[in-house]
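# here is the input, now give the coordinates:
(chains A, B, C and D)
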Protein chains: 4
Amino acid sequence: MQVREMINTHPHAGRSTAEALLTCIEECFSCAQTCTSCADACLGEAMVAELTQCIRLNLDCADICAATGAMASRRTGSNIAVLKAVITACAEACRACAEECSRHAEMHEHCRICAEACRSCEQACRDALLQMQDS
Amino acid sequence: MQVREMINTHPHAGRSTAEALLTCIEECFSCAQTCTSCADACLGEAMVAELTQCIRLNLDCADICAATGAMASRRTGSNIAVLKAVITACAEACRACAEECSRHAEMHEHCRICAEACRSCEQACRDALLQMQDS
Amino acid sequence: MQVREMINTHPHAGRSTAEALLTCIEECFSCAQTCTSCADACLGEAMVAELTQCIRLNLDCADICAATGAMASRRTGSNIAVLKAVITACAEACRACAEECSRHAEMHEHCRICAEACRSCEQACRDALLQMQDS
Amino acid sequence: MQVREMINTHPHAGRSTAEALLTCIEECFSCAQTCTSCADACLGEAMVAELTQCIRLNLDCADICAATGAMASRRTGSNIAVLKAVITACAEACRACAEECSRHAEMHEHCRICAEACRSCEQACRDALLQMQDS
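Okay, here's the model as predicted:
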């Protein structure tokens, strides 16, 4: 991805964008793809009937990660309160998804990878929130 | 839209779905379209340079409304904490967008209509949150 | 939804927007919600293992309908070739989803409703393409 | 991103997934972010009034890239005709966006970077289509 290059060439790049927010953007787009893949992989398992909660959480997580990644990318104007609320929701979605995927991690490798990705994205969201608090 | 028909034919329809959540789903999909249109209309105005904050908030609002509408549509399994967080963020986005659009409502009819749609969606989100608190 | 109100108040409203395109926008947003619901309802069925192809097609359809609805809403500038290609893809997605949902329509009411919605959206897409050909 | 890890752990991984499709998925998610950023950067420029067509094309491109990336990620069941149509539309959107961004590349670095990203994504889409033709 070209998150840093794009934001560094933004006309408002003088206002430094927290490194944590840049990482958050990358993690969100990546996590959206991973959760989309995991939901689909679970759907393809013979034991799909035992994975419906996992699929549900993955679909939810992909949706909020996609929205958060896009919204966090915007530097023109400002919408800080909304961004904080969205990143907060995203962190919660990632936490819930990671927890559910972990339950199936031993049996399904795609769930193990996805749990890791969600934990990583959750952390990126919480780090971004911390840096936003200071500003 | 067929929100009610679809949810009434859901295998888990025994668990009654709060009427407020059904309205919230409809309002979110509708608001996502309205904000997409408003951002585009503002972009087409001669005075676009004075409408950049409005465009920014409309794009953000469209993104979170689309995600929230999809997530609120899901009844299989459960993800209540996440849904509350997302609907909370959506209400905030609608509030912020309505406030900004109101500033331009006298000059631009599309902003007047959009402000109304956002206030309606914000209310639907807050009503859904109230009903979710009781359950 | 406020599709017509928003487009009628667009600064470029002088260029008449084909009625068919307005219907297409409404149908796409509505279909995106219906397919999201149907995928979720199928996921909640005891016989989910027999509905995985249906869920897959519903998820795909929801994605392309959401994108098409948003893209078709834009009147500022022009991107006709791209819009035609996207609406063409959307029509195909709706056709495929309707066909699959029809297979399960007798057993699952949500699939019957969804098949209807997809056929309606497919028709709206094809009508929009026809009107775009004339201009 | 974990595109390859996720797809390699898919229960249907026996059916080899064309390398070109994997690249296409990565490029689509990346391009969706880049175009979202570029639309926003153009919106933040003093000369925004001369960049409205560019913003329009970037918003469209982000939408179709996001949908295509998600749809191409799915390996359960099959929806080949629809996937081909969507990737075709995505390639066209990237081509149009790259062309428009190129017009502003000398003046705006973010447009130069974005044009490159769109050309890369367009190529990835066309390569994926070629490999899909052989199967």
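
# which parts of chain A sit against chain D?
Proximity of chain A to chain D, by C-beta under 8 Å from any C-beta of the partner chain, involves residues A:1-3, A:5-7, A:9-12, A:25, A:29-30, A:32-34, A:36-38, A:40-41, A:43-46, A:62, A:66, A:69-70, A:73-77, A:108-110, A:113-114, A:117. Using the backbone N, CA and C atoms, a C-beta is placed for each residue, glycine as well.

# low-confidence ranges, chain A, go.
Counting by pLDDT under 70, chain A has low-confidence residues at A:14-16, A:134-135.

# pick out the residue nearest the middle of it.
In chain A, the centroid-proximal residue (C-alpha atoms, centre = their mean) is residue A:28; its distance is 3.3 Å.

# quick check: which element contains that one?
Using DSSP states H and E, the element containing residue A:28 is helix A:19-44.

# quick one: that helix near chain C?
Yes. Counting by C-beta under 8 Å from any C-beta, contacts between helix A:19-44 and chain C involve A:39, A:40, A:43, A:44.

# over to stretch A:109-117?
No. Counting by C-beta under 8 Å from any C-beta, chain C has no neighbours in stretch A:109-117; the shortest distance is 15.4 Å.

# ok, residues contacting that stretch?
When contacts are taken as C-beta atoms under 8 Å, 6 or more residues apart in numbering or on different chains, the neighbours of stretch A:109-117 outside the stretch itself are A:30-31, A:34-35, A:37-38, A:41-42, A:54, A:58, A:97-99, A:101-106, D:2, D:5-6, D:9-10.

# going along the chain, name the helices of chain A.
Listed in chain order, the helices found in chain A under DSSP state H are A:3-8, A:19-44, A:52-72, A:80-103, A:109-134.

# go through those helices and name the closest to residue B:86.
Evaluated over the helices of chain A, closeness to residue B:86 peaks at helix A:80-103, with 4.5 Å, by C-beta to C-beta.

# list the buried residues for the closest one?
Judged by neighbour count (16 or more other C-beta atoms under 10 Å in any protein chain shown), helix A:80-103 contains these buried residues: A:82-98, A:100-102.

# are that helix and chain B in contact anywhere?
Yes. Using C-beta under 8 Å from any C-beta, helix A:80-103 reaches chain B at A:81, A:82, A:83, A:85, A:86, A:88, A:89, A:92, A:93, A:96.

# ok, the residue lying farthest from the centre of chain A - contacts?
Distance from the C-alpha centroid of chain A, by C-alpha atoms, centre = their mean, peaks at residue A:46 (27.7 Å). With contacts defined as C-beta under 8 Å, 6+ apart, the neighbours of residue A:46 are C:49, D:11.

# can you redo the residues of helix A:19-44 next to chain C as JSON lines with distance to residue D:132 and neighbour count?
Written out in JSON lines, the entries for those read as follows (distance: C-beta to C-beta, whole Å; neighbours: other C-beta atoms under 10 Å in any protein chain shown):
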{"residue": "A:39", "distance to residue D:132": "22", "neighbour count": "30"}
{"residue": "A:40", "distance to residue D:132": "18", "neighbour count": "28"}
{"residue": "A:43", "distance to residue D:132": "21", "neighbour count": "30"}
{"residue": "A:44", "distance to residue D:132": "19", "neighbour count": "20"}
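
# if we only consider those residues, which is nearest to chain D?
Checking these against chain D by C-beta to the nearest C-beta gives residue A:44 as the nearest, at 3.7 Å.

# correct me, but the closest one touches residue D:11?
Yes. Between residue A:44 and residue D:11 a contact is recorded at 4.4 Å, counting by C-beta atoms under 8 Å.

# how much space separates the residue farthest from the centre of chain A from residue D:76?
Distance, residue A:46 to residue D:76, by C-beta to C-beta, to the nearest Å: 12 Å.

# can you list residues touching both of those two?
Common neighbours of residue A:46 and residue D:76, counting by C-beta under 8 Å, 6+ apart, are residue D:11.

# can you add distance to residue C:128 and give the helices of chain A back as CSV?
Putting these into CSV (distance: least, C-beta to C-beta, whole Å) gives the following:
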stretch, distance to residue C:128
helix A:3-8, 33
helix A:19-44, 28
helix A:52-72, 26
helix A:80-103, 33
helix A:109-134, 37
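
# before I go, just wanted to say thanks for your time.
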